[in-house]
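Asker: 3D, please:
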Amino acid sequence: ADQVVVMSQAANDRLCLGYDVDRRKVAVIPHGATVPTHTQVKRAGRPTLLTWGLLGPGKGVERVIDAMVSLRDLPGSPRYLVAGQTHPKVLAADGEAYRDARIEQARRNGVADSVCFDSGYRTVASLNVLAGSAAAVVLPYDSEDQVTSGVLVDAIASGRPVVATAFPHAAEMLASGAGMVVDHDDPDALVEALRRVLTEPRLAGSMAAEARRLAPALAWPVVAKDYLHLAQRLIAERPALV
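Answerer: Sure thing, here's the model as predicted:
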C-alpha cells in the first residue's frame with residue numbers, strides 16, 4: 001500500500017505502536033458525518049437521553065437502564081430512548097433476545113415508563129432530527145478498544161452533549177469538552193454524568209457549543225477533500241511511467 005488511512009488518532013497510535021509499519025505511510029482522516037443545516041431544534045416534553053445504532057450485546061444499554069433508576073427524581077421526568085433495529089447478525093442468531101431482555105430489565109427496575117425502544121428505520125434526515133431533539137446522546141458501549149464510532153461522530157455533528165464510556169474514540173473526540181467520559185465499570189460516575197448534563201444548563205450548553213465547533217471538520221465534503229488531497233499527493237510523488 002502507498003498509504004493507509006485510519007479514522008482516529010487512537011487508531012493511528014495503536015497501528016504504529018503495535019505493528020512494524022512505516023509511520024509516514026499512515027494518515028488520519030476522520031469518519032465523516034452529515035452536519036445538519038438547521039441551528040435550532042425545539043425540545044418539548046420530557047428530556048430525552050438517546051442511544052441509537054444497530055442493537056445487540058455490547059451496546060451497553062443495560063448500563064443506562066440501571067442509571068435511570070437514580071434519575072427518576074429529576075425535574076421533567078427524563079426518559080431514555082433506544083433507537084435502531086437489531087443488528088442483522090444478532091437477529092439471525094438470537095432473534096430479539098437482547099432487546100427483550102432490556103425491556104424486561106426496565107420493567108424489573110421499575111422504570112418501564114421511562115425507557116423506550118424504537119426499532120423503526122430512519123433516513124439520515126430523520127436521524128438528524130431525532131439526535132437534535134435529545135438532551136444528550138449516550139454511548140455506553142462495552143468495548144474498551146473501539147477506535148472509531150460513526151454514531152459518536154454523528155452525535156457531535158448534531159451538536160449535542162455526549163456521555164460515553166471510555167472507549168478510545170470517545171476519549172479522543174470528547175477531550176476538548178463536547179461531552180463526558182466515564183469508566184466502564186463505574187455506574188455511579190455514569191449516573192452523575194447524566195444527572196449533570198440534565199440539570200446543569202450551562203454545562204450542557206458549553207458541551208453543545210464545543211460539539212458545534214468540532215462539527216464542520218467532520219462534514220462529508222471536508223472528509224472527501226482530505227481523501228482527494230491525499231490521492232493527488234500520492235500521484236504527484238509516484239514516478240512517471242516510461
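Asker: buried set for the helix ranked longest in the chain?
Answerer: The residue-count maximum for a helix in the chain (DSSP state H) belongs to helix 220-237. Of the residues in helix 220-237, 223, 226 count as buried by neighbour count, 16 or more other Cβ atoms under 10 Å. (Each C-beta comes from the backbone N, C-alpha and C, glycine too.)
Asker: mind saving the C-alpha coords of it as PDB?
Answerer: What follows is helix 220-237, C-alpha atoms only, in PDB (Å, rounded to 0.1, in the frame of the first residue of the first chain):
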ATOM      1  CA  TRP A 220     -18.500  14.600   4.400                       C
ATOM      2  CA  PRO A 221     -17.400  17.200   1.800                       C
ATOM      3  CA  VAL A 222     -14.400  18.100   4.100                       C
ATOM      4  CA  VAL A 223     -13.500  14.500   4.600                       C
ATOM      5  CA  ALA A 224     -13.800  13.800   0.800                       C
ATOM      6  CA  LYS A 225     -11.500  16.700   0.100                       C
ATOM      7  CA  ASP A 226      -8.900  15.200   2.500                       C
ATOM      8  CA  TYR A 227      -9.000  11.900   0.600                       C
ATOM      9  CA  LEU A 228      -8.700  13.800  -2.700                       C
ATOM     10  CA  HIS A 229      -5.700  15.800  -1.500                       C
ATOM     11  CA  LEU A 230      -4.100  12.600  -0.300                       C
ATOM     12  CA  ALA A 231      -4.600  10.900  -3.600                       C
ATOM     13  CA  GLN A 232      -3.300  13.900  -5.500                       C
ATOM     14  CA  ARG A 233      -0.100  13.900  -3.400                       C
ATOM     15  CA  LEU A 234       0.400  10.200  -3.900                       C
ATOM     16  CA  ILE A 235       0.000  10.600  -7.700                       C
ATOM     17  CA  ALA A 236       2.500  13.500  -7.700                       C
ATOM     18  CA  GLU A 237       5.000  11.500  -5.800                       C
END
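Asker: Identify all contacting residues around it.
Answerer: 2-3, 5, 27, 29-34, 216 (Cβ atoms under 8 Å, 6 or more residues apart in numbering).
Asker: can you give me the offset of that helix from its chain's centre?
Answerer: 26 Å (Cα atoms, centre = their mean, to the nearest Å).
Asker: quick one: contacts for the nearest residue to V147 once chain neighbours are set aside?
Answerer: Distance criterion Cβ to Cβ, 6 or more residues apart in numbering; nearest residue to V147, sequence neighbours excluded, is A11 at 4.0 Å. Applying Cβ under 8 Å, 6+ apart, we find A11 in contact with 28, 147-148, 168.
Asker: Name the helix or strand for A11, please.
Answerer: Using DSSP states H and E, the element containing A11 is helix 9-18.
Asker: would you list every one of the strands in the chain?
Answerer: Per DSSP state E, the chain carries strands over the ranges 4-6, 26-28, 48-52, 79-83, 115-118, 136-139, 162-165, 179-182.
Asker: Okay, now the sheet partners of the fourth one, with direction.
Answerer: Listed by DSSP bridges, the sheet partners of strand 79-83 and their directions read strand 48-52 (parallel), strand 115-118 (parallel).
Asker: Dump those strands into CSV; add mean pLDDT as well.
Answerer: Shown next, in CSV, are these (pLDDT from 0 to 100):
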stretch, mean pLDDT
strand 48-52, 96
strand 115-118, 96
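Asker: So for I103, which of those sits nearest?
Answerer: The closest of the strands paired with strand 79-83 to I103 is strand 115-118. By Cβ to Cβ, the value is 6.5 Å.
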